[in-house]
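Participant: Have a look at this fold, sequence not included:
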């Protein structure tokens, strides 16, 4: 099975990201402020906490954006507010010809937005679809893969759309890609990038938007109430997560590469093949010789593996997560659920994953032989 996972940054690049983030933070905050949890409330003139505003400036500078904003609702909320900033009911949005991420689909349906699909793996098809649909006002591009055989380049898709019509606003879903790849969507030419801080060792329920100032300003104006504000302590927690996330995620990528090599060398009996894919996060997909995936997942949990995500790479997830293949992948091929499992090593080493997987398969095989 051929997959096209996103290219992860190296550990050296991750260190550069960390150092850059710390340097920028030190330019915007005094030392005693960095050691503070942050302020609360709607400060006169800002209508948000001062620390939140400062943290937003850090984000904008780090990601080379005109502006940035924290929003409620994690990645889902960031995407929703980003789409609202340039789309209205009955407008038409261009998306990839693949299952739309469920929570994003809720936003699109609720807003009454018309959807036009094009295969983003084929630049000529994108142009043909754009030519036939002159009313397309916006585009949504998901950074990570929605189908196993997706191979498109974020930069190429954005360039193709913008060269056809620069007025089409592009928002990118950068969840599971930020701090793992060299550029986020806006750094590739998109108007807005949306992602969750919770997936980057940050606080629960806080989303981030980076991009064009006019669009960010509209989002901020629509979230004027005190209860909509991300408080100073949450903004500071988000920054701390962004400091530590790059190196942590680079180490995770190294472990994934080691696991692919070891599993494909035949280290565990019962494993047919292993490969990396962005589903949604960059994970290890393990195809089993037999259709025993469901039972293997049950045994893995008994041996200490997390059975389900909390925030999918959140601060709470440090043991390896062994769980079923993603909903978008299952929608593309329902048979995968019986013979394939998804593994994210999180903060563990390869030996831990190998031990859990090996013992789980052995236990299931033994039980099946007895029965």
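Facilitator: Thanks, I have the structure now. None of the values given here were measured: they were computed from a predicted structure.

Participant: Tell me which residues of stretch 288-302 come out buried.
Facilitator: Using 16 or more other Cβ atoms under 10 Å as the burial criterion, the residues of stretch 288-302 that qualify are 288, 292, 293, 295, 296, 297, 299, 300. C-beta here means a position set from N, CA and C on the backbone, and glycine is covered the same way.

Participant: State the number of residues packed around the residue nearest to the second one when sequence neighbours are not counted.
Facilitator: Spelled out, it's residue 292. Using Cβ to Cβ, 6 or more residues apart in numbering and skipping residues adjacent in sequence, the residue nearest residue 292 is residue 364, 5.1 Å away. Using other Cβ atoms under 10 Å, residue 364 has 22 other residues around it.

Participant: Please shift the residue numbers so they start at 23 in all later answers.
Facilitator: Renumbered: residue one is now 23, and that last one reads residue 386.

Participant: tell me the SS of residue 386?
Facilitator: Judged by DSSP: H, G, I helix; E, B strand; the rest coil, the three-state class of residue 386 is helix.

Participant: any idea how far residue 307 is from it?
Facilitator: 18 Å (Cβ to Cβ, to the nearest Å).

Participant: Check residue 99 too.
Facilitator: From residue 99 over to residue 307 (counting by Cβ to Cβ), the distance is 29 Å.

Participant: do the same with residue 41
Facilitator: 33 Å.

Participant: Tell me which of the two has more neighbours.
Facilitator: When residue 41 and residue 307 are compared for neighbours, residue 307 comes out ahead with 23 against 12, by other Cβ under 10 Å.

Participant: thought the more buried one was touching residue 297?
Facilitator: Yes. Under the criterion of Cβ atoms under 8 Å, residue 307 makes contact with residue 297 at 5.7 Å.

Participant: Which residues are in contact with each of the two?
Facilitator: By Cβ atoms under 8 Å, 6 or more residues apart in numbering, residue 307 and residue 297 have these common neighbours: residue 25.

Participant: doesn't residue 231 make contact with residue 104?
Facilitator: Yes. Using Cβ under 8 Å, residue 104 is in contact with residue 231, at 5.4 Å.

Participant: Need the residues touching each of these two.
Facilitator: 214, 216, 241.

Participant: A strand includes the second one, no?
Facilitator: Yes. Counting by three-state DSSP, one finds residue 216 located in a strand.

Participant: need the contact list for it.
Facilitator: Contacts of residue 216 (Cβ under 8 Å, 6+ apart): 97, 100, 101, 104, 193, 194, 195, 196, 197, 229, 230, 231.

Participant: mind listing what the second one touches?
Facilitator: Taking Cβ under 8 Å, 6+ apart as the definition of contact, the neighbours of residue 100 are 93, 216, 217, 218, 229, 230, 231.

Participant: try 10 Å this time
Facilitator: Applying Cβ atoms under 10 Å, 6 or more residues apart in numbering to residue 100 gives the contacts 91-94, 193, 195-197, 214-219, 228-232, 241.

Participant: Name the member of the contacts of residue 216 that has the highest neighbour count.
Facilitator: residue 196 (34 neighbours).

Participant: Next, give phi and psi for that residue.
Facilitator: Dihedral pair for residue 196: phi -100, psi 10, per degrees, to the nearest 10.

Participant: surely it meets residue 87?
Facilitator: No. In this structure, residue 196 is not within contact of residue 87 by Cβ atoms under 10 Å, at 11.7 Å.

Participant: and residue 125, what does it touch?
Facilitator: 95, 96, 97, 98, 99, 101, 102.

Participant: Of these, which belong to helices?
Facilitator: 96, 97, 98, 99, 101, 102 (DSSP state H).

Participant: export those residues to CSV and tack on distance to residue 269?
Facilitator: CSV is the format used below for those (distance: Cβ to Cβ, whole Å):
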residue, distance to residue 269
96, 23
97, 22
98, 27
99, 27
101, 27
102, 31
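
Participant: now, which of those sits nearest residue 280?
Facilitator: Checking the ones in helices among the contacts of residue 125 against residue 280 by Cβ to Cβ gives residue 97 as the nearest, at 28.6 Å.

Participant: What's the separation between the closest residue to the closest one other than its chain neighbours and residue 178?
Facilitator: Closest residue in space to residue 97, ignoring its immediate chain neighbours: residue 218 at 3.3 Å, by Cβ to Cβ, 6+ apart. Using Cβ to Cβ, we find residue 218 at a distance of 25 Å from residue 178.

Participant: and these two? which has more neighbours close in?
Facilitator: Using other Cβ under 10 Å, the more surrounded residue of residue 218 and residue 178 is residue 218, with 29 against 14.

Participant: these two touch, right, the more buried one and residue 199?
Facilitator: No. Under the criterion of Cβ under 10 Å, residue 218 is not in contact with residue 199, lying 11.3 Å apart.
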